[in-house]
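A.B. asks: kindly return the folded structure for what I paste below:
(one chain, ligands or ions: 3)
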Amino acid sequence: MRIAGVHRSRLMAETGSGQIRLGLPAQGNTSDFAVGDWVLMDPATRIAVRRLDRTTVLRRRTESARIPQLIAANVDTLFIVTSCNDDFNLARLERYLALANEAGTNPVIVLTKTDQVADPTPYRAEAGTLQRDLAVVLLNAKAPDAAAALAPWCGPGQTVALVGSSGVGKSTLLNTLADKTPETAQATGSIREDDAKGRHTTTSRSLHAIAGGGWVIDTPGMRTLHVSDVAAGLDMLFAEITELAPNCRFRDCTHAHEPGCAVRAAVTAGDLSAARLDRWRKLDAENRANTPVNPDPAATRPRGRAASGGKAVESSLWPAVPGKTRAATLNWPFLLAVELHGQGSPSRQTAVGRVPAKLT
Ligand SMILES: Nc1nc2c(ncn2[C@@H]2O[C@H](COP(=O)(O)OP(=O)(O)OP(=O)(O)O)[C@@H](O)[C@H]2O)c(=O)[nH]1
Ligand SMILES: [Mg+2]
Ligand SMILES: [Zn+2]
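C.D. replies: Ligands and ions are numbered 1, 2, ... in the order given. Presented below is the predicted three-dimensional model:
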């Protein structure tokens, strides 16, 4: 049984022959579950008695929420959707890539609305520079052949999730991928003509079956995606910078003003773009400011696919021991609350067989 929808007081699960409402275990909360979770249900009571360990989990901190928001679980491939119009923004795509890398999901950039521009190839070229071996797919989300373009990631047993701004065509793509009829289709909405912004048509996350045995998750358009807890994800994203850093004269070089900086030397030599270095600096600073500082080495080791040689593991966003956080000094009450939530919380998850010493 797989979680198909998580609402304030309601859990929906996909049974393979339709959806049912699932009961919660005692002391359970719907926020302990993510769309994409696998659960065991007691058939007599229809209560979810156990959630299976997650292979991957996508989550983010938001300023308004007390605890990180679960975006989706057990996602193999993250389709980062953007359009061949004003939505296309390299800095924003890098945020999604860091999130995907950290969670251990395989990111693919999906560029929609190719039918709206004379030549979409410059978009592909730019997106392709963002990360090594990054797949970029150009398509018209409304055309039936969009499903064929994404088929390599949508095979039996595979789960894909669609993320991106409002109006880029996530639900349109879902309807094409899941071959929805007009009755079962996800609602789609028009975009503003002047700036291509959408109207936040989709308001909750949902899981749908793809013919042939795959799964696709639709998500609401994100207004902003703050980065936190994604150090390994950033290292993978900015590998060309990460790899140059050991050649800098100072071990803690910030690549801003220090003499003997190998990264700035690469910019001067034309091997690295100054804009890319600027974006790295901004994201790295934001990540450090938003990520709890943890004195426990077991909990600060690299996480996610970036740190596990390509094997997907569930990344733990939680510090293993309560402690002072940089975020706390910034006076972010919600981050303090995250720490207080602390050890033993039902939503505190780690990968099977990779439980940090502090949690065993
Ligand atoms: N021409 C064209 N229009 C598209 C394409 N993809 C989506 N659209 C249109 O763009 C608008 C927004 O599409 P949606 O699928 O609702 O976008 P969304 O990403 O789900 O937006 P939210 O649910 O608000 O996050 C709709 O009018 C779609 O018909 C495409 O590839 N080509
Ligand atoms: Mg939508
Ligand atoms: Zn340097």
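A.B. asks: list the contacts of the residue of the chain most remote from its centre.
C.D. replies: Residue farthest from the centre of the chain, counting by Cα atoms, centre = their mean, is residue 259 at 36.4 Å. Applying Cβ atoms under 8 Å, 6 or more residues apart in numbering to residue 259 gives the contacts residue 249. Where C-beta positions appear, they are placed from N, C-alpha and C, glycine not excepted.
A.B. asks: wasn't it part of a strand?
C.D. replies: No: in this structure, residue 259 is coil, not part of a strand, as judged by DSSP: H, G, I helix; E, B strand; the rest coil.
A.B. asks: residue 272 versus that one, what's the distance?
C.D. replies: In this view, residue 259 and residue 272 are 18 Å apart by Cβ to Cβ, to the nearest Å.
A.B. asks: also residue 53?
C.D. replies: 40 Å.
A.B. asks: how about residue 54?
C.D. replies: 36 Å.
A.B. asks: show me which positions of stretch 117-135 end up buried.
C.D. replies: 120, 123, 127, 130, 131, 134, 135 (16 or more other Cβ atoms under 10 Å).
A.B. asks: of all those residues, which two lie farthest apart?
C.D. replies: 120 and 131 (19.5 Å; Cβ to Cβ).
A.B. asks: domain parsing for this structure?
C.D. replies: 2-52, 58-218, 231-290, 297-359 (automatic domain parsing).
A.B. asks: tell me how far the one residue in the stretch 1-150 of the chain that gets nearest to ligand 1 lies from residue 32.
C.D. replies: Nearest residue of the stretch 1-150 of the chain to ligand 1: residue 141, at 3.4 Å (Cβ to the nearest ligand atom). Separation of residue 141 from residue 32 (Cβ to Cβ): 33 Å.
A.B. asks: show me which of the two is the more surrounded one.
C.D. replies: Neighbours per residue (other Cβ atoms under 10 Å) separate residue 141 from residue 32, with residue 141 holding more: 27 against 19.
A.B. asks: need the three-state assignment for that one.
C.D. replies: Applying three-state DSSP: residue 141 is coil.
A.B. asks: surely it and residue 169 touch.
C.D. replies: Yes: using Cβ atoms under 8 Å, residue 141 is in contact with residue 169, at 3.9 Å.
A.B. asks: shared neighbours of the two, anything?
C.D. replies: Common neighbours of residue 141 and residue 169 (Cβ under 8 Å, 6+ apart) are 112, 113.
A.B. asks: do a quick rundown of the helices in the stretch 1-150 of the chain.
C.D. replies: For the stretch 1-150 of the chain, applying DSSP state H, counting those that start in this stretch gives helices covering 90-103, 121-128, 145-150.
A.B. asks: low-scoring stretches of the stretch 201-350 of the chain, by residue?
C.D. replies: 294-350 (pLDDT under 70).
A.B. asks: near ligand 2, which residues of it are found?
C.D. replies: 201, 202 (Cβ under 5 Å from the ion).
A.B. asks: do that again at 8 Å, thanks
C.D. replies: Neighbours of ligand 2 within the stretch 201-350 of the chain, by Cβ under 8 Å from the ion: 201, 202, 218, 219, 220, 221.
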